[in-house]
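Peer 1: 3D model of this:
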Amino acid sequence: MTLTLTPSLLLIAFAAGLIVLPGATSAHAASPAPASPQAPGWMTSSQATLEKELAAKYGEPSRERLRRGLAQVAGLWRAEDGDQAAFERFARENFYGDPAVLDAFFARMEFMAESLDGHMLEVSRDLRKQNDLALGPIQPFDDVMAGWDPSAHVTDDLFDNKLAFTVLLNFPLTTLRQRLAEGDGWTRRQWAETRLAERYSKRIPAEVNLAISQARADAAKYIAQYNIWMHHVLNEKGERLFPAKLRLLSHWNLRDEIKAQYADPKAGLPRQRLVQKVMERIVTQTIPAAVVDSPFVDWDPVRNEVKPSPVNDSGSPPPAGTGAASVVSSAREPDTRYATLLLTFQASRKEDPYSPSAPTLIARGFDEIRQIPEERVRKIFEDVLSSPLMGEVARLVERRLGRKLEPFDIWYNGFRARSAYSESQLDEAVRKRYPTVEAYQKDIPRLLAGLGFSPDKAAFLEANIVVDPARGSGHALGAQWRGDKAHLRTRFEKDGMNYKGYNIAVHEMGHTVEQNFSLHEVDHYTLSGVPNTAFTEALAFVFQGHDLELLGMTKPDAESRALDTLDTYWGTCEIAGVALVDMAVWRYMYDHPSTTPGELREATVAIAKDVWNRYFAPHIGVKDVVLLGIYSHMIDSFLYLPDYPLGHLIAFQVEQQMEKAGAIGPEFERMAVTGNVTPDLWMKKATGAPVGPEALLTATRRALDQLGRLPKKS
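Peer 2: The predicted structure is shown next:
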């Protein structure tokens, strides 16, 4: 996943059309913009007077741009910004009818945006360093530093000094509908102007930004420390099924442990069932508080009983009161998971009054950030889950396992080449190659060469990527100005990187490569990045899918490619179900803003069961399963999960194009430098088709047919 610390680029409601700019550098079509409904009484007449006066000065072709700009400024002008005379003086002095002056202003504002974004991110990254990286204990003052957003007052300052208003006076705000309908015909400069104006489409008070930043930091800390010591998780016979010192972060490592155990069907099955029970206890919040990140107690999650452990595999002395003779409480964790989620919701709501065009985080997430309407996203996921292919693939999984499917089989990974290796084999291969952070850092050029990047590009990328040891599962934090570097964070254990950490590292490397190309090689800073998080996830998935090849452990053939397609489809079904749960939970919170943590827990459990019963139970044969509610992103990532299934679908389309072109590296670069346009426009430039499930569904049908024709391997 990626970690974003800078404010999102958002839109406002009163942007009803496009504008005309004089000169050859921009040619937006125009339509009138409505006056702000909250404007003071003098505002409308003042706008009309100024429009007539300045149109006479700069020429009739400037009239529609004037009308639009004046309305955009009026929509955010407050009493403290000045009276009628101040408004009129501002407009006369800051409307740029001379194309040369307009070009100079645009260039300065792009430069300022990069400097502000880049240096503010550097400061925030430094302040979060202790909390984000594996650097020892977190102290109370570290939490304060991590929760502080030094950029919180920047937007306020830019409205106070009128630079934000000057942008709005001269450049267009557009709606998602306009960008979808007309953006294919815009020039790169038009797109860059649109993205520049979006930066100032709202005036979010600093205290609101700070509250959101603090809630994000608090939730991230809760999740980053939610580990389960598996050697201390006992089955009903009191047996220890997992090795000493195995400490798994929820949900990432727990899920990946289920995947790893498919390599040993006999011993793995009881372990998978035990991990499933642990997950269910976390989702239903019936997990005893005493077992969270504690190696000093033993826990039977089936009976839900806790007792002091006679085994200490932590290397540290047990805290007072946890010795073998102590009595340990089995009291459940007191809805902390849902209280934390509720705090992120309450913080997000503080922005709602300042976002009239998208008055909920849901609307902001889909219309403004993803730039794909929520209804379309939901339909894409439902099309994947309702396809009859799901039943066919489920039956194939069942045949390959030689047993009835169980709920945790939504994480079946036996289609992938890694299923031929045990977790210990994979761990050994990775630890040998990457005993330290520095070893992975030095190997980046070789890894990139294996993906088809030229030596020069690989050297450039390695010089602009810093590898850090993550406290949690890992993430990528891209630079925001061209003098900084992207940071790749993944988990390193005391004895080096294991396979889980390596798999995450390859994924995060994909993010950092995209971040470097879409920053350093894009033609306008305001177009840096990609249309939404799903695109950077998609490009990261392309890297992640080649992790074993980069270790020299696989060589793809026709069968393995068909199996890879089925793996992508099965994984997309799983995460699409998870995303539907995330979306429904946020809908519930907005429909019930006074809900309590306990009520939110009950609602989340009910939603997870409902999605499961509709799409998964018919094929797996078990009802009322809560596993779709286990993802930690639900708690700390503000409706992030829909990006993953979108990312899988986009990645599939992207990788098909790369296979057609015969190389990953050059195609990856070509796509990444398209920048932040609409998703469908990006995809059409990248692959020739808009975002959708059709390519994956067609390929899944072809893969099933192909496997039926291939001879059995001996």
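
Peer 1: which ones are touching the residue lying closest to residue 335 once chain neighbours are set aside?
Peer 2: Counting by Cβ to Cβ, 6 or more residues apart in numbering, residue 335 lies nearest to residue 597, which is 3.9 Å off, once chain neighbours are set aside. Any C-beta I mention is one placed from the backbone N, CA and C, and that applies to glycine too. Neighbouring residues of residue 597 by Cβ atoms under 8 Å, 6 or more residues apart in numbering: 335-336, 338-339, 342.

Peer 1: one more pass at 6 Å, please.
Peer 2: 335, 338-339, 342 (Cβ atoms under 6 Å, 6 or more residues apart in numbering).

Peer 1: for residue 315, which three-state class applies?
Peer 2: Following DSSP: H, G, I helix; E, B strand; the rest coil, residue 315 is assigned to coil.

Peer 1: next up, phi/psi of it, please.
Peer 2: Backbone torsions for residue 315, taken as degrees, to the nearest 10, come to phi 80, psi 0.

Peer 1: and it, what's its pLDDT?
Peer 2: At residue 315, the model reports a pLDDT of 80.

Peer 1: that one and residue 296, how far apart?
Peer 2: Residue 315 sits at a distance of 12 Å from residue 296 (criterion: Cβ to Cβ, to the nearest Å).

Peer 1: higher neighbour count, these two?
Peer 2: Shown here are residue 315 and residue 296; by other Cβ atoms under 10 Å, residue 296 has more neighbours (24 against 8).

Peer 1: can you give me the helices in the stretch 351-500 of the chain?
Peer 2: Assigned by DSSP state H, counting those that start in this stretch, the helices in the stretch 351-500 of the chain fall at 361-363, 374-386, 389-401, 423-433, 437-450, 455-463, 499-520.

Peer 1: between the helix or strand following the last one and helix 374-386, how many degrees?
Peer 2: What that stands for is helix 499-520. As assigned by DSSP states H and E, the chain's next helix or strand after helix 499-520 is helix 533-544. Interaxial angle of helix 533-544 relative to helix 374-386 (axes from the mean of the first three to the mean of the last three Cα atoms, to 10 degrees): 40 degrees.

Peer 1: just the angle between helix 533-544 and helix 499-520, please?
Peer 2: Helix 533-544 runs at 130 degrees relative to helix 499-520, counting by the same axes, to 10 degrees.

Peer 1: which strands or helices does helix 533-544 pack on?
Peer 2: If you count contacts as 3 or more Cβ pairs under 6 Å, 6 or more residues apart in numbering; DSSP states H and E, helix 533-544 packs onto helix 499-520, helix 643-661.

Peer 1: switch to 10 Å and redo it
Peer 2: Here helix 533-544 touches helix 499-520, helix 643-661, helix 665-672, helix 679-687, going by 3 or more Cβ pairs under 10 Å, 6 or more residues apart in numbering; DSSP states H and E.

Peer 1: what's the burial count for the closest residue to residue 482 other than its chain neighbours?
Peer 2: For residue 482, ignoring the flanking residues on the chain, the nearest one in space by Cβ to Cβ, 6+ apart is residue 520 at 5.7 Å. Using other Cβ under 10 Å, residue 520 has 14 neighbouring residues.

Peer 1: what's the answer for residue 295, then?
Peer 2: Neighbour count of residue 295, defined by other Cβ under 10 Å: 24.

Peer 1: go on, residue 244?
Peer 2: Residues lying near residue 244 (other Cβ under 10 Å) number 14.

Peer 1: doesn't residue 309 make contact with it?
Peer 2: No. In this structure, residue 244 is not within contact of residue 309 by Cβ atoms under 10 Å, at 11.2 Å.

Peer 1: shared neighbours, the two?
Peer 2: Taking Cβ atoms under 10 Å, 6 or more residues apart in numbering as the contact rule, residue 244 and residue 309 both touch 229, 231-232, 295.

Peer 1: all strands of this protein, in order?
Peer 2: Secondary structure of the chain (DSSP state E): strands located at 227-229, 247-249, 297-300, 305-308, 465-469, 474-477, 486-490.

Peer 1: mean pLDDT lowest for which of the ones you listed?
Peer 2: strand 474-477 - the lowest mean pLDDT of those, at a mean of 90.

Peer 1: report the backbone C-alpha coordinates of it in CSV.
Peer 2: What follows is strand 474-477, C-alpha atoms only, in CSV (Å, rounded to 0.1, in the frame of the first residue of the first chain):
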residue,chain,number,x,y,z
GLY,A,474,5.3,-2.0,5.2
HIS,A,475,4.3,0.8,2.9
ALA,A,476,5.7,3.1,0.2
LEU,A,477,6.1,6.8,0.8
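
Peer 1: residues contacting it, please?
Peer 2: Residues outside strand 474-477 that contact it (Cβ under 10 Å, 6+ apart): 1-5, 121, 124-125, 128, 132, 220, 249, 252, 465-466, 468, 485-492, 500-501, 503-505, 507-515, 536, 540.

Peer 1: check which helices and strands the longest helix belonging to the chain sits against.
Peer 2: Looking across the chain with DSSP state H, the single longest helix is helix 558-591. With contacts defined as 3+ Cβ pairs under 10 Å, 6+ apart, helix 558-591 has these neighbours: helix 336-349, helix 361-363, helix 374-386, helix 389-401, helix 597-615, helix 633-636, helix 643-661, helix 694-709.

Peer 1: and the first one, how far from the chain's centre?
Peer 2: Right, helix 336-349. 18 Å (Cα atoms, centre = their mean, to the nearest Å).

Peer 1: and if you look at the second one?
Peer 2: If you compare the mean C-alpha spot of helix 361-363 with that of the full chain, they lie 15 Å apart, counting by Cα atoms, centre = their mean.

Peer 1: so who does residue 51 touch?
Peer 2: By Cβ under 10 Å, 6+ apart, residue 51 lies in contact with 62-67, 69-71, 91.

Peer 1: how about the residues you listed in CSV, adding neighbour count?
Peer 2: Below are these laid out as CSV (neighbours: other Cβ atoms under 10 Å):
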residue, neighbour count
62, 22
63, 17
64, 22
65, 29
66, 25
67, 22
69, 31
70, 27
71, 25
91, 24
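
Peer 1: tell me the one among the residues you listed nearest to residue 205.
Peer 2: residue 71 (22.8 Å; Cβ to Cβ).

Peer 1: surely that closest one and residue 46 touch.
Peer 2: No. Judged on Cβ under 10 Å, residue 71 makes no contact with residue 46 at a distance of 11.5 Å.

Peer 1: returning to that earlier point: residue 570 is nearest to which of the helices and strands packed on helix 558-591?
Peer 2: Of all the helices and strands packed on helix 558-591, helix 389-401 sits nearest to residue 570, with 5.7 Å by Cβ to Cβ.

Peer 1: what pLDDT does residue 515 get?
Peer 2: As predicted, residue 515 sits at a pLDDT of 96.

Peer 1: tell me, how many residues neighbour it?
Peer 2: Residue 515 has 28 neighbouring residues, counting by other Cβ under 10 Å.

Peer 1: give the contact list for it.
Peer 2: Contacts for residue 515 (Cβ under 10 Å, 6+ apart) come out as 2, 464-465, 476-480, 485-488, 528-530, 536, 539, 672.

Peer 1: and if we set it to 6 Å?
Peer 2: Contacts of residue 515 by Cβ under 6 Å, 6+ apart are 478, 486.

Peer 1: how near is it to residue 496?
Peer 2: Separation of residue 515 from residue 496 (Cβ to Cβ) stands at 26 Å.

Peer 1: again, but for residue 702
Peer 2: Distance check for residue 702 against residue 496: by Cβ to Cβ, it reads 41 Å.

Peer 1: who's more crowded, the two?
Peer 2: Remark: of residue 702 and residue 496, residue 496 carries more neighbours, 19 against 12, as counted by other Cβ under 10 Å.
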